[in-house]
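Visitor: any chance you could fold what I've pasted below:
(2 chains)
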Protein chains: 2
Amino acid sequence: MLVRANYKDVKLEKPERAKAGLRWLISEKDGAPNFDMRMVEVEPGGQSHHHRHPWEHQVFVLKGTGIVFQKGFERRIQPGAVVFVPPGEEHCFRNTGSETMEFICIIPSRSKTEDAIKADTIPPSTNQQ
Amino acid sequence: MLVRANYKDVKLEKPERAKAGLRWLISEKDGAPNFDMRMVEVEPGGQSHHHRHPWEHQVFVLKGTGIVFQKGFERRIQPGAVVFVPPGEEHCFRNTGSETMEFICIIPSRSKTEDAIKADTIPPSTNQQ
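Guide: This is a model prediction of the structure:
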């Protein structure tokens, strides 16, 4: 059994100048056989670019406010919100608030998405446009 | 894309007189192909019984305080804690605080655990002993 007293104990991986980063809370390195739990943290004004990939996201919002959108669809999200992005669907998360937006994001294990994951750039991050 | 404004909008399934229940936030009913997100809510004094099963748990604690334990292992958990229970490991979650303990618990899709899941009684719940 693995217990992390607090997710903040896990290093935030964030490219320099990026406005979003993530912490790998549970992954294959920990022996997880099927899926990975990450914490995504998006600074005010930050967003992921519109992208799609052949695997799903399951998201639970912990802090901050923002929107999740795709062409023709836009919904406000705040703490307690739940988002399911099916495989292959375009999506984008944007922080529209004044504090860091934090959400749990579960994906299938990288070894299970193999070729697909090679093109992955999660969390792609750009400044707000 | 599925967006639930708040997880509390999902029905809490709790057997009468039980001290723990769960909400199925994302599951195969929503088209999730690989894993399910549930919110487990344990009342003060409640706990799951000691049990094991051939699938894993990935847990993120949102509210309340308690302990997770197995034979020879016991750790305090509170908001922000992350727990990984590997497949086959005995485990028990107990609420030792005065407010409802809430934690996200991810498991593989039931169709992927088929025979194994038939014996499942998640969330087994008894009064504190």
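Visitor: helix, strand, or coil at the nearest residue to residue A:26 once chain neighbours are set aside?
Guide: Closest residue to residue A:26 apart from its sequence neighbours, by CB to CB, 6 or more residues apart in numbering or on different chains: residue A:37 at 4.3 Å. No exception for glycine: its C-beta is placed from N, CA and C like everyone else's. The three-state label given to residue A:37 by DSSP: H, G, I helix; E, B strand; the rest coil is strand.
Visitor: give the contact list for residue A:37.
Guide: Applying CB atoms under 8 Å, 6 or more residues apart in numbering or on different chains to residue A:37 gives the contacts A:24-27, A:104-106, B:58, B:60, B:82, B:106.
Visitor: residues in contact with the closest residue to residue A:64 other than its chain neighbours?
Guide: Distances taken as CB to CB, 6+ apart put residue A:101 closest to residue A:64, at 3.1 Å, once the chain neighbours are dropped. Taking CB under 8 Å, 6+ apart, we find residue A:101 in contact with A:41-42, A:61, A:63-66, A:93, A:95.
Visitor: run the last query once more with 10 Å
Guide: Going by CB atoms under 10 Å, 6 or more residues apart in numbering or on different chains, residue A:101 touches A:20, A:40-44, A:46-47, A:61-67, A:77-79, A:93-95.
Visitor: go on, residue A:98?
Guide: By CB under 10 Å, 6+ apart, the contact list for residue A:98 reads A:44-45, A:64-65.
Visitor: which one of those residues sits in the busiest neighbourhood?
Guide: Of those, residue A:64 is surrounded by the most neighbours, 21 neighbours in total, counting by other CB atoms under 10 Å in any protein chain shown.
Visitor: report the separation between that one and residue A:100.
Guide: The gap separating residue A:64 from residue A:100 is 6 Å, by CB to CB, to the nearest Å.
Visitor: which secondary structure elements does the host helix or strand of residue A:21 contact?
Guide: For residue A:21, the host element (DSSP states H and E) is strand A:20-26. If contacts are counted by 3 or more CB pairs under 10 Å, 6 or more residues apart in numbering or on different chains; DSSP states H and E, strand A:20-26 sits against strand A:2-4, strand A:35-42, strand A:46-47, strand A:101-108, strand B:57-63, strand B:82-85.
Visitor: any chance of those in TSV, with mean pLDDT too?
Guide: Converted to TSV, the helices and strands packed on strand A:20-26 look like this (pLDDT from 0 to 100):
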stretch	mean pLDDT
strand A:2-4	96
strand A:35-42	97
strand A:46-47	94
strand A:101-108	97
strand B:57-63	98
strand B:82-85	97
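Visitor: give the contact list for residue A:87.
Guide: Residue A:87 sits next to A:52-57, A:108, A:113, A:116, B:31-34 when contact means CB under 10 Å, 6+ apart.
Visitor: go through those and say which is closest to residue B:11.
Guide: Nearest to residue B:11 among the contacts of residue A:87 is residue B:32, at 17.4 Å by CB to CB.
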